[in-house]
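Student: Mind folding the following:
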Amino acid sequence: MDVDDNFPAALRIVTEIQNIVNKDVKLKEFDLVIQPESQNKSPVLHVEHCLGLETWCVRHVYQYVYQRLILHRKRLKRIEPNDVVPLLTCALLINPEVFTFWNMRKELVLSGFLELYAELHFSSLSLSFKPKCAEIFIYRRWILKNIQSNDSITNDIVLNELSVTMSAAAAYASNYSAWNHSFWIVEKSLNLKNFQIMVHQWDFTKKWCREHVSDHSCMQYRQRLLKCFISDKSCLRHLKSYFSKSLVRFFNPEEKHKIMKPSDECINEALGVIIDELYFNEDLIVMYHSHEALWNHRRFLCHLLANTYCTDSVKEVLMNNERRICTSIIKGNETFIKKHAIWLQRTLSIPIKLL
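Tutor: Numbering: from 1, shown residues only. Now for the predicted structure:
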């Protein structure tokens, strides 16, 4: 039986969706609308630049487009490019995790049937439905590489890409695919000597961490940014110089304590950035108890500090600082503090005696 006979309304629905995607340049979201039965009207909804498809027809529409696309891919049935585009649009909106369909879309881009900037918009629409889909981010990177080869990636494109990525990260907790894509953008910006993008992300994710204290992917992203700051002095020059207070606080915890000063070569901006992040992490741990992501991030910072600045003064002050943390906020954090103390002893040879 021909696929047309399975669901006669499929072609009309596919065409309607493609027309909306083509005409509404402000289209921002796609989702499935729960409706178990047909209401004798179009299942395609278009309201306030949002596109929806009623659930009762999803299986039939997807089966229709999938069968046709596979037949075309295997060269068992010839379909004109203009007819393939609507099929791919519907297929990738409903299920964007089929990499074969994205490859077919790439071929249409290279053939001139699809435009690069329009594909950025379409893939962001697909991303609104599946914000963690790695295939979409891979496709976006391919699009951006082609834009860069034909032209140059402007600052507006970069900021828009970061905005799309942050929207995906907000829609799905611990969205590693989104944060990984964001770091790819940062790396491209660094290659072009655009250091302000990295500074922007450093400041932005600090606010993000305050609101998403369990998002380990964001903290891992900050770890990667921090490594870039330490390895590239050009990045540090663009950061605000507010790390001196953190240095004073770290090496002089209280007036009664012996003033401990590291060797001159250790006092630099990179050390200040690490210590400032260490205190920021401490503030979050004090405010939000029992979040493993915060303690994992702290262990990374301790390891980075101890291994980047291998001096006795830094290690001794780090030991005193971690002892202070572990003894002052033990209530409500007993399990995490015990794990942290064991880790300090085993990994950094820093003994922490708990009361």
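
Student: just checking, W208 touches C218?
Tutor: Yes. With contacts counted by CB atoms under 8 Å, W208 reaches C218, the gap being 5.5 Å. (C-beta placed from N, C-alpha, C; glycine too.)

Student: tell me, what's touching these two both at once?
Tutor: Residues touching both W208 and C218 (CB atoms under 8 Å, 6 or more residues apart in numbering): A169.

Student: Who are the contact partners of H181?
Tutor: H181 makes contacts with F137, R140, R141, T165, as judged by CB under 8 Å, 6+ apart.

Student: Just give me the closest of those residues to D83.
Tutor: Nearest to D83 among those, counting by CB to CB, is R140 at 25.0 Å.

Student: Now name the helix or strand holding W142.
Tutor: Element membership for W142, per DSSP states H and E: helix 134-150.

Student: Go through that helix and flag the buried ones.
Tutor: Of all the residues in helix 134-150, those buried under the rule 16 or more other CB atoms under 10 Å are A134, E135, I136, F137, Y139, R140, W142, I143, L144, I147.

Student: Check which residues of the lowest-mean-pLDDT helix or strand in the chain are buried.
Tutor: Ranked by mean pLDDT, DSSP states H and E, the helix or strand of the chain with the weakest confidence is helix 244-251, at a mean of 76. Buried residues in helix 244-251, defined by neighbour count with 16+ other CB under 10 Å: S246, L247, F250, F251.

Student: packing partners for that helix?
Tutor: If you count contacts as 3 or more CB pairs under 8 Å, 6 or more residues apart in numbering; DSSP states H and E, helix 244-251 packs onto helix 269-287, helix 312-328.

Student: so which of those is the most packed in?
Tutor: Sort the helices and strands packed on helix 244-251 by mean neighbour count, taking mean count of other CB atoms under 10 Å, and helix 269-287 sits at the top with a mean of 19.

Student: ok so, going back, out of W208 and C218, which sits in the more crowded spot?
Tutor: C218 (27 against 18; other CB atoms under 10 Å).

Student: quick one: that one and F113, what's the gap?
Tutor: As judged by CB to CB, to the nearest Å, C218 and F113 stand 38 Å apart.

Student: Quick check: nearest residue in space to T205, chain neighbours excluded?
Tutor: Leaving aside its sequence neighbours, T205 sits nearest to R222 (CB to CB, 6 or more residues apart in numbering; 5.4 Å).

Student: So the one you found: helix, strand or coil?
Tutor: Classification of R222 by DSSP: H, G, I helix; E, B strand; the rest coil places it in helix.

Student: That one touches D203, doesn't it?
Tutor: No. Counting by CB under 8 Å, D203 is not a contact partner of R222; they are 10.9 Å apart.

Student: So between these two, which is more surrounded?
Tutor: Set R222 next to D203 and count neighbours by other CB under 10 Å: R222 wins out with 22 against 12.

Student: how near is that one to F336?
Tutor: Taking CB to CB as the criterion, R222 is separated from F336 by 19 Å.

Student: now do L239
Tutor: As judged by CB to CB, L239 and F336 stand 30 Å apart.

Student: Between helix 312-328 and the least confident helix or strand of the chain, find me the angle.
Tutor: 80 degrees (axes from the mean of the first three to the mean of the last three CA atoms, to 10 degrees).

Student: when you compare where helix 244-251 runs with where helix 269-287 runs, what's the angle?
Tutor: If you take the same axes, to 10 degrees, helix 244-251 sits at 70 degrees to helix 269-287.

Student: Now do helix 244-251: distance to the chain's middle.
Tutor: Helix 244-251 sits 31 Å away from the centroid of its parent chain (CA atoms, centre = their mean, to the nearest Å).

Student: CA atoms only: put it into PDB for me.
Tutor: C-alpha atoms of helix 244-251 as PDB (Å, rounded to 0.1, in the frame of the first residue of the first chain):
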ATOM      1  CA  SER A 244      43.000  41.700  45.000                       C
ATOM      2  CA  LYS A 245      40.400  41.600  47.900                       C
ATOM      3  CA  SER A 246      40.100  37.800  47.500                       C
ATOM      4  CA  LEU A 247      43.900  37.500  47.700                       C
ATOM      5  CA  VAL A 248      44.000  39.500  50.900                       C
ATOM      6  CA  ARG A 249      41.100  37.600  52.300                       C
ATOM      7  CA  PHE A 250      42.700  34.200  51.400                       C
ATOM      8  CA  PHE A 251      46.200  34.900  52.800                       C
END
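
Student: Next SSE downstream of the helix or strand containing V58?
Tutor: Using DSSP H and E, V58 sits in helix 58-73. Counting by DSSP H and E, the element after helix 58-73 in chain order, helix or strand, is helix 81-94.

Student: Pull out the buried positions in whichever helix or strand comes after that following helix.
Tutor: Per DSSP H and E, the first helix or strand lying C-terminal to helix 81-94 is helix 99-110. Of all the residues in helix 99-110, those buried under the rule 16+ other CB under 10 Å are F101, W102, M104, R105, K106, L108, V109.

Student: for stretch 79-86, same thing?
Tutor: In stretch 79-86, counting by 16+ other CB under 10 Å, buried: V84, V85, P86.

Student: Look up how far N19 lies from the second one.
Tutor: Between V85 and N19 the distance is 11 Å, computed by CB to CB.
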